[in-house]
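**Q** from the sequence below, what's the structure:
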Amino acid sequence: MMTIKSKGEFQRVFREGARANRRTVRVCGVTCEGDGKVAFVAAKRLGTAVLRNRSKRVLREAMREVGVVDGCKVILFATRATAKAHPHDVACDLRQCLARLGFAQ
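**A** A predicted model of the protein is given here:
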């Protein structure tokens with residue numbers, strides 16, 4: 001799974017991308033050429049470092065279950081419900097968000 005690391009890639013996704021929200025995940029994505037890339041974000045307002053890290057682990061596991069969509073860059077944002085949710089539930093929400101954005105496999 002390739003990750004988005006550069007500031008320019010993040011800015012492009014925010015500037016040109018579409019957004020979709022569910023209870024356990026928020027998604028921002030844009031189509032691109034080549035392999036798909038993904039980033040996992042958990043803001044400080046979610047709580048302690050333990051909760052933020054758990055949220056990102058849950059998002060990573062959900063993305064593994066769904067699979068990286070080729071030809072798009074996606075940023076996954078944790079919500080307050082992410083840390084307490086099961087990765088399978090987050091994966092279901094993630095599939096719905098990706099389908100809404102037109103990135104469904």
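
**Q** residues contacting K37?
**A** By C-beta atoms under 8 Å, 6 or more residues apart in numbering, the residues touching K37 are M2, T3, I4, E9, V68, K73, V74. C-betas here are computed from N, CA, C, even on glycine.

**Q** point out the least confident one among the residues you listed.
**A** Model confidence across those bottoms out at V68, which has 82.

**Q** that residue and T48: what is the separation?
**A** For V68, the distance to T48 under the criterion C-beta to C-beta, to the nearest Å works out to 29 Å.

**Q** quick one: which of the two has more around it?
**A** In this view V68 and T48 are compared by other C-beta atoms under 10 Å, and V68 has more residues nearby, 16 against 10.

**Q** so that one is in which element?
**A** Element membership for V68 (DSSP states H and E) is empty, with no helix or strand holding it.

**Q** I'd like the distance between the closest residue to it other than its chain neighbours and D70.
**A** Across the structure, with C-beta to C-beta, 6 or more residues apart in numbering as the measure, the residue nearest V68 apart from its sequence neighbours is G36 (4.3 Å). G36 sits 5 Å away from D70 when distances are taken as C-beta to C-beta.

**Q** neighbour count: the two, which is higher?
**A** Neighbour count, other C-beta under 10 Å: between G36 and D70, G36 has more, with 18 against 12.

**Q** which residues sit in contact with that one?
**A** By C-beta under 8 Å, 6+ apart, the contact set of G36 is M2, V68, V69, D70, G71, C72, K73, V74.

**Q** so the third one sits against A99, correct?
**A** Pointing back at V69 there. No - if you go by C-beta atoms under 8 Å, V69 and A99 don't touch, sitting 10.5 Å apart.

**Q** sounds good, over and out.
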